[in-house]
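Asker: predicted coordinates and the sequence they were generated for:
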Amino acid sequence: MSIIYVDADACPVKAEIERVATRHKLVMKLVSNGGLRPSANPLVESVIVPDGPDEADKWIADRCGPADVVITGDIPLAAKCVEAGSECLRHNGERFTGANIGQQLAMRDLMADLRAADPFRQGGGRGFTKADRSRFLDALERAVRAAKARE
């Protein structure tokens, strides 16, 4: 049975994921270090991992497989999930694949180097929009169907 794993810390689309999981009758695992409000939905399970860097990522990477969907903004976690055969999406609906994950990792490293070279440079990322939410829902629907086809 397919499972939707959510790297839940700072995930802006938890409610949308829950709606899709409920519609498809899939278990949704919200993985975090704590601090999330539990859902009354019996399909939603809150998984609290120990404090520490990347503990939620390790937990998800150790369990996901080809019939699962993973939602994360963490590129190294996405690489592990793609390698495991999972469908993997960013919060804005962008899909991580075997064809693009290498470029994503390289871009992440480049941006880290640029930030380190200019410590005064501030964020400046764009905000999360309704269009991002809509694009995410469409991508999640496609990812769930693809994962269920591999069950």
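Answerer: Perfect, thanks for sending it.

Asker: and the helices in this protein, which stretches?
Answerer: Taking DSSP state H as the test, the helices found in the chain are 14-24, 55-63, 75-83, 101-117, 130-149.

Asker: G93 is nearest to which of the ones you listed?
Answerer: For the helices of the chain, proximity to G93 was assessed by Cβ to Cβ; helix 130-149 is nearest, at 3.6 Å. For glycine as for every other residue, the C-beta is placed from the backbone atoms N, C-alpha and C.

Asker: any buried residues in that closest one, and which?
Answerer: For helix 130-149, burial by neighbour count (16 or more other Cβ atoms under 10 Å) applies to D132, R133, R135, F136, L137, A139, L140, A143, V144, A147.

Asker: ok, A79 - how many residues close by?
Answerer: 19 (other Cβ atoms under 10 Å).

Asker: wait, it sits on Q103?
Answerer: No - at 11.1 Å, A79 does not count as touching Q103 under the criterion of Cβ atoms under 8 Å.

Asker: chain neighbours aside, what residue packs nearest to S39?
Answerer: E18 (6.5 Å; Cβ to Cβ, 6 or more residues apart in numbering).

Asker: R95 now?
Answerer: Nearest one to R95, counting by Cβ to Cβ, 6+ apart, is L89 at 5.7 Å.

Asker: report the beta-bridge partners for the one you found.
Answerer: L89 has these beta-bridge partners by DSSP bridges: I71, R95.

Asker: now do the contacts for it.
Answerer: V69, V70, I71, T72, R95, F96, F136, A139, L140, A143 (Cβ atoms under 8 Å, 6 or more residues apart in numbering).
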